[in-house]
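Trainee: Show me the folded form of this:
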Amino acid sequence: MGLPELEVKCWRCWGTGVVYGEDHAETIDCPECGGTGWIVTEDGQRLLDFFERHFVIDSD
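Mentor: From the prediction side, this is the model:
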């Protein structure tokens, strides 16, 4: 039985969670993934919604 992908590596930062600023001297959190390096898929979001509904988890 294959499990669905719940998250994928961010395409913008290649999973590092940071991108370079305008001058390439400083790094900032990736705006696409929020600095985590991963993007939640539709199946992953469905699982997070389930946990939030049934286990009352606050997601910031």
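
Trainee: The protein: helices as residue ranges?
Mentor: Counting by DSSP state H, the chain has helices at residues 42-55.

Trainee: Where does the prediction get shaky in this structure?
Mentor: With pLDDT under 70 as the threshold, the chain has low-confidence stretches at 1, 56-60.

Trainee: Any idea how many residues pack against residue 14?
Mentor: Applying the criterion other C-beta atoms under 10 Å, we find 11 residues in the vicinity of residue 14. For glycine as for every other residue, the C-beta is placed from the backbone atoms N, C-alpha and C.

Trainee: er, residue 13 I mean
Mentor: 21.

Trainee: so what's it up against?
Mentor: Contacts here follow C-beta atoms under 8 Å, 6 or more residues apart in numbering; on that basis residue 13 touches 19, 30, 32-33, 37.

Trainee: could you dump the residues you listed to CSV with neighbour count and distance to residue 12?
Mentor: Formatted as CSV, the entries for those read as follows, by neighbours: other C-beta atoms under 10 Å; distance: C-beta to C-beta, whole Å:
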residue, neighbour count, distance to residue 12
19, 17, 6
30, 21, 6
32, 14, 4
33, 23, 7
37, 18, 10
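
Trainee: ok, those vs residue 11, which is closest?
Mentor: Checking the contacts of residue 13 against residue 11 by C-beta to C-beta gives residue 32 as the nearest, at 7.2 Å.

Trainee: Quick check: closest non-adjacent residue to the closest one.
Mentor: Distances taken as C-beta to C-beta, 6 or more residues apart in numbering put residue 12 closest to residue 32, at 4.2 Å, once the chain neighbours are dropped.
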